[in-house]
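Enquirer: make a model of this:
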Amino acid sequence: MRIVMAMTAAFFLTLLFAAVQSGCDSDDDTPAEVIEEHVRLLNERKFDEFYELHASGVLPSPEDVYLQEIEKLYPEGSEIIDVSIISEEIEGDRAKVTWSSVHRYPGQEEEAVQVTTSLVRQSGRWKIGEDTTAP
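Expert: Modelled structure (predicted):
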C-alpha cells in the first residue's frame, strides 16, 4: 500500500512540475513583455534578435540590409529609458500596448515619447505588428 501511495504522490508531483514548467515557457510572454524585450534588445544593440521580435513581413527584407539601416538610425550611445506600460489590450490574436519612454540620442536633447504598438500572435508567440503610432 505504501509503495502505491508513494508512486501516486511521485506521479502527481511530476505532473505539478510539468505544469509549472509549461507556465514559465517564454512562449507565454505577454504583449507588454515583448515591448520591454524590444527596448532591451535595442539598448543592448542586439539588432538581429530585435528583428526576430517582429511579425513576418513587417520589417524590410533582406534582414542584413535592415540591420545596417537600424545601426544608422540607432547609433552607438542611443538609449531608451524610463519605459512605462500604460495599457495592454488583447483581443484574440491581436493586441495593442500603449507605452511611454524617454529617448536619448547622441548630440540631441532627450525626448519623451508615448506610442501605441500593435502586436499579433504568430506560431504561439506575440510579435510586433505593423502599426506603431503616437496617440
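
Enquirer: quick check: the residue positioned nearest the centre of the chain vs Pro62, distance?
Expert: For the chain, the residue sitting closest to the mean C-alpha position, by C-alpha atoms, centre = their mean, is Val34 at 1.5 Å. The gap separating Val34 from Pro62 is 23 Å, by C-beta to C-beta, to the nearest Å. The C-beta positions use only the backbone N, C-alpha and C, and glycine is treated the same way.

Enquirer: before we move on, what about Glu36?
Expert: 28 Å.

Enquirer: swap in Ile80?
Expert: From Ile80 to Pro62 the distance is 26 Å (C-beta to C-beta).

Enquirer: which one of those two has more residues nearby?
Expert: Ile80 (17 against 7; other C-beta atoms under 10 Å).

Enquirer: pairing partners for the helix or strand that contains the more buried one, with directions?
Expert: Taking DSSP states H and E as the criterion, Ile80 maps to strand 79-91. If you go by DSSP bridges, strand 79-91 pairs up with strand 94-104 (antiparallel).

Enquirer: what does the partner strand contact?
Expert: Outside strand 94-104, the residues within contact range by C-beta atoms under 8 Å, 6 or more residues apart in numbering are 31-32, 34-35, 39, 77-89, 110-121, 126, 129, 135.

Enquirer: please redo it, this time with the cut-off set to 7 Å
Expert: Strand 94-104 is contacted from outside by 31-32, 35, 39, 78-89, 110-120, 126, 135, using C-beta atoms under 7 Å, 6 or more residues apart in numbering.

Enquirer: which strands and helices sit next to the helix or strand just after it?
Expert: The helix or strand immediately downstream of strand 94-104 is strand 111-122, counting by DSSP H and E. Judged by 3 or more C-beta pairs under 7 Å, 6 or more residues apart in numbering; DSSP states H and E, strand 111-122 is in contact with helix 31-43, strand 94-104, strand 125-133.
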